[in-house]
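**Student:** Below are the sequence and a predicted model for it; my questions follow.
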Amino acid sequence: MGMVITIDGPAASGKSSVSRELARRLGWQWVSTGAFYRGLAFAALQLQIDLDDVKSLTDLTHNPVWSVRMEHDRTKVFFKDQDVTDLIAHEDVGNFASKVSHYPEVRKALLEAQRNCSSGPQGLVAEGRDCGTVVFPEAEAKVYLTANSEHRAARRAAELGLAQDDMVKAQQQRDHQDSTRKVAPMTVPDDALVVDTTALNLEQVVDKVVEYVKNKI
Ligand code: DC
């Protein structure tokens, strides 16, 4: 396994932008582990698999009908050879992803594919909810990003062209689901640097993170 830096945190806390820029500065790869849950939820919806049917969802984790591919600018998801990366970005797919992510069987089945992302010659920046606690507990450096919920909702609403009020509610529900689930709940890793991104721009957050990780790698 190569070197790994993990970036965890709630919805729209800036994880993807920060991970992408950090990986660019380090010349490393990056992966959004949320893409695995979003991809699975999207494939289940397309194939009309009930989101309560744990057995079929678990079987679907290994079905080549959908796949995840790391690229420098995005973690892409393909369904039936179509690039569905834009489609899985919708908040409703995020909510379905949060629902399927509750099942221990599903999490376990996706773990190996997520860990395999670190098998290349470069280091890896891995972002999600449990990257520092479960997926890569031995990571060289761990970061946890937060931001106040209005700020996060405004950020994501602007990205998706939606109303901010609806987004606050949707994200609060998703954060609640993700932090209260029994298996691998979203939580701050013991040894993580915590950065509140509310009043910072991307450059400032990445500067802080680079300053922190440079002594660790
Ligand atoms: O980071 P994201 O918004 O793309 O993640 C979508 C959902 O996937 C999130 O609400 C919960 C789940 N998820 C998870 O349980 N563990 C991760 N490491 C990443 C995402």
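**Tutor:** Great, that's in hand.

**Student:** which strands and helices sit next to the helix or strand of the chain with the lowest mean pLDDT?
**Tutor:** Using mean pLDDT, DSSP states H and E, the weakest-scoring helix or strand in the chain turns out to be helix 149-160, at a mean of 85. Under the contact definition 3 or more CB pairs under 8 Å, 6 or more residues apart in numbering; DSSP states H and E, helix 149-160 sits against helix 164-180. All C-beta atoms are positioned from the backbone trio N, CA, C, and that covers glycine.

**Student:** So what angle separates the directions of the helix it packs on and helix 149-160?
**Tutor:** Angle, helix 164-180 to helix 149-160, by axes from the mean of the first three to the mean of the last three CA atoms, to 10 degrees: 110 degrees.

**Student:** and the next element down the chain from helix 164-180?
**Tutor:** As assigned by DSSP states H and E, the chain's next helix or strand after helix 164-180 is strand 193-196.

**Student:** So which bits of the protein are right by the ligand?
**Tutor:** 11, 32-34, 37-38, 94, 97-98, 101, 128-131, 174, 178 (CB under 6 Å from any ligand atom).

**Student:** how far is the least confident helix or strand of the chain from where the chain is centred?
**Tutor:** Relative to its chain's centre, helix 149-160 lies at 16 Å (CA atoms, centre = their mean, to the nearest Å).

**Student:** residues making contact with stretch 131-143?
**Tutor:** 1, 3-8, 18, 33, 107, 111, 114-115, 118, 126, 128, 144, 184, 187, 189, 191-195, 209, 212-213, 216-217 (CB atoms under 8 Å, 6 or more residues apart in numbering).

**Student:** so Thr61 touches Lys108, yeah?
**Tutor:** No. Thr61 lies out of contact with Lys108 (CB atoms under 8 Å); the separation is 9.0 Å.

**Student:** follow-up on the earlier one: out of the residues of the chain next to the ligand, which is nearest to Ile88?
**Tutor:** Arg38 (4.1 Å; CB to CB).

**Student:** And the pLDDT for that closest one?
**Tutor:** Arg38 is assigned 98 on the pLDDT scale.

**Student:** And Asp190, by the same measure?
**Tutor:** 92.

**Student:** about what we covered before: top of the residues of the chain next to the ligand by neighbour count?
**Tutor:** Neighbour counts for these peak at Cys131, which has 31 neighbours (criterion: other CB atoms under 10 Å).

**Student:** Leaving out chain neighbours, which residue sits closest to it?
**Tutor:** Leaving aside its sequence neighbours, Cys131 sits nearest to Thr6 (CB to CB, 6 or more residues apart in numbering; 3.8 Å).
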